[in-house]
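the following block contains a protein sequence and its predicted model.
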Amino acid sequence: MLVLVAPGQGAQTPGFLTPWLELPGAADRIAAWSDAIGLDLAHYGTKADAEEIRDTAVAQPLLVAAGLLSASALGDVSPGVVAGHSVGEFTAAAFAGVLDDTAALRLVRTRGLAMADAAAITATGMSALLGGDPEVTVPHLEKLGLTAANVNGAGQIVAAGTLEQLAALEADKPEGVRRVVALKVAGAFHTHHMAPAVARLEEAAAQLSPAAPTTRYVSNKDGQVVTDGAEVVARLVGQVANPVRWDLCMETFQALGATALIEVCPGGTLTGLAKRALPGVATVALKTPDDLDAARTLIAEHAAV
């Protein structure tokens, strides 16, 4: 059984979209999406520097567009499950047929702008903790006023809060944590700091007519399969200010019988977690079009008939 997943913010790197635009029809699709959302995706995906694409309002639609473009390059694929990490949930919602590509991009453009505005209110950020025991780490973060914004499994938790709180964490790491690594994001996502963004996203989502998922969609909220399109969209909205439970998503993949996992562009992060948390599950990360053949082989061996 094949799982198709989409990465979240922080996975972007300068120029990562460049090789994908060389595929037939890719530049035209990106141009059409750019017009639809008022953002030059080709420019940001090929020419912008790391600081420009760190901007939340840019990074989020850019990541969703890259995920959709790379997935379409796979050809006909029938995953048994789809899911995304944080903003990758919008990509997954399009994979599942809940939203069409343009609707997903328009909604995520609103999300990025709203979250960027919320992040500007207070200087905040996120840092990954490598190693440690969640039962020890989470209370330690709470003591410092931080939130365990991403519980990623495979020994990784991401803390979010003010820059002062994150500096205190650097100086006072939880027992067992080897390293604290600042992430390439511009705010404390999936925490109460993002509450102002939720209302704006609710307004935009109210204009949509979501369809029921055609593929099992696993939610970041609790790792559960969601079968109602309106509920998927409601969770996309609420997740902005609530923790990502990728650990529970991976537990669900395993319970559903996953045998293979493909991570769409810019792949790497989620396949890395899967290799540690889902032993025996074959993985392919789509980083460039050179990875498509390996992914197609995996699809032929593991996709649902």
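Perfect, thanks for sending it.

what residues does stretch 243-256 touch?
Outside stretch 243-256, the residues that touch it by CB atoms under 8 Å, 6 or more residues apart in numbering are 1, 3, 8, 80-81, 83, 85-86, 147-154, 190-191, 216, 218-225, 261, 270, 273-274, 277-278, 281. Placement of C-beta: from N, CA and C, glycine included.

so who does Ala104 touch?
With CB under 8 Å, 6+ apart as the criterion, the residues that contact Ala104 are Val64, Leu68, Phe90, Thr91, Ala93, Ala94.

take these and lay them out in TSV including neighbour count, distance to Gly229 and pLDDT.
As requested, these are exported to TSV (neighbours: other CB atoms under 10 Å; distance: CB to CB, whole Å; pLDDT from 0 to 100):
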residue	neighbour count	distance to Gly229	pLDDT
Val64	32	18	98
Leu68	24	18	98
Phe90	28	13	98
Thr91	32	16	98
Ala93	30	9	98
Ala94	24	12	98
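
which of the residues you listed sits closest to Pro289?
Nearest to Pro289, judged by CB to CB, of the contacts of Ala104 is Leu68 at 14.7 Å.

wait, what's in contact with that closest one?
Under the criterion of CB under 8 Å, 6+ apart, the neighbours of Leu68 are Thr91, Ala94, Asp101, Ala104, Leu105, Val264.

give me that answer again for 6 Å
Ala94, Asp101 (CB atoms under 6 Å, 6 or more residues apart in numbering).

and the one helix or strand it maps to, what's buried?
Secondary structure assigned from DSSP states H and E places Leu68 in helix 56-72. By neighbour count on 16 or more other CB atoms under 10 Å, the buried set for helix 56-72 is 56-71.

ok, stretch 12-30 next?
Applying 16+ other CB under 10 Å to stretch 12-30 flags Gln12, Pro14, Phe16, Leu17, Trp20, Leu21, Ala26, Arg29, Ile30 as buried.

repeat for stretch 252-272
Judged by neighbour count using 16+ other CB under 10 Å, the buried positions of stretch 252-272 are 252-254, 258-267, 269-272.

show me those residues that map onto strands.
Among the buried residues of stretch 252-272, DSSP state E puts Ala260, Leu261, Ile262, Glu263 in strands.

run through the residues that contact the second one.
Okay, so that is Leu261. With contacts defined as CB under 6 Å, 6+ apart, the neighbours of Leu261 are Val3, Ala274, Val281, Thr283.

let's see 8 Å
With CB under 8 Å, 6+ apart as the criterion, the residues that contact Leu261 are 2-5, 253, 270-271, 274, 278, 281-284.

closest one of the buried residues of stretch 12-30 to Ala186?
When the buried residues of stretch 12-30 are ranked by distance to Ala186 (CB to CB), Gln12 comes first, at 12.0 Å.

how about the closest one, secondary structure?
What DSSP: H, G, I helix; E, B strand; the rest coil gives for Gln12 is coil.

that one contacts Gly267, correct?
No. Checked against CB atoms under 8 Å, the pair Gln12 and Gly267 is beyond contact range at 11.7 Å.

quick one: end-to-end distance for stretch 213-233.
Across its full length, stretch 213-233 reaches 11 Å end to end, with CA to CA, to the nearest Å as the criterion.

with stretch 162-180 instead?
Separation of the first and last residues of stretch 162-180 by CA to CA is 15 Å.

likewise for stretch 143-151?
So stretch 143-151: terminal residues 17 Å apart, CA to CA.

low-scoring stretches of the stretch 201-305 of the chain, by residue?
Of all residues in the stretch 201-305 of the chain, those with pLDDT under 70 make up the ranges 303-305.

now do the strands in this structure.
Assigned strands in the chain, in chain order: 2-6, 81-84, 124-131, 147-153, 156-162, 177-182, 216-218, 225-226, 260-263, 282-285 (criterion: DSSP E).

including distance to Leu113, could those strands go into a markdown table?
As requested, the strands of the chain are arranged in a markdown table below (distance: least, CB to CB, whole Å):
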| stretch | distance to Leu113 |
| --- | --- |
| strand 2-6 | 20 |
| strand 81-84 | 19 |
| strand 124-131 | 17 |
| strand 147-153 | 20 |
| strand 156-162 | 19 |
| strand 177-182 | 23 |
| strand 216-218 | 25 |
| strand 225-226 | 25 |
| strand 260-263 | 26 |
| strand 282-285 | 29 |
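
perfect, that will be all.
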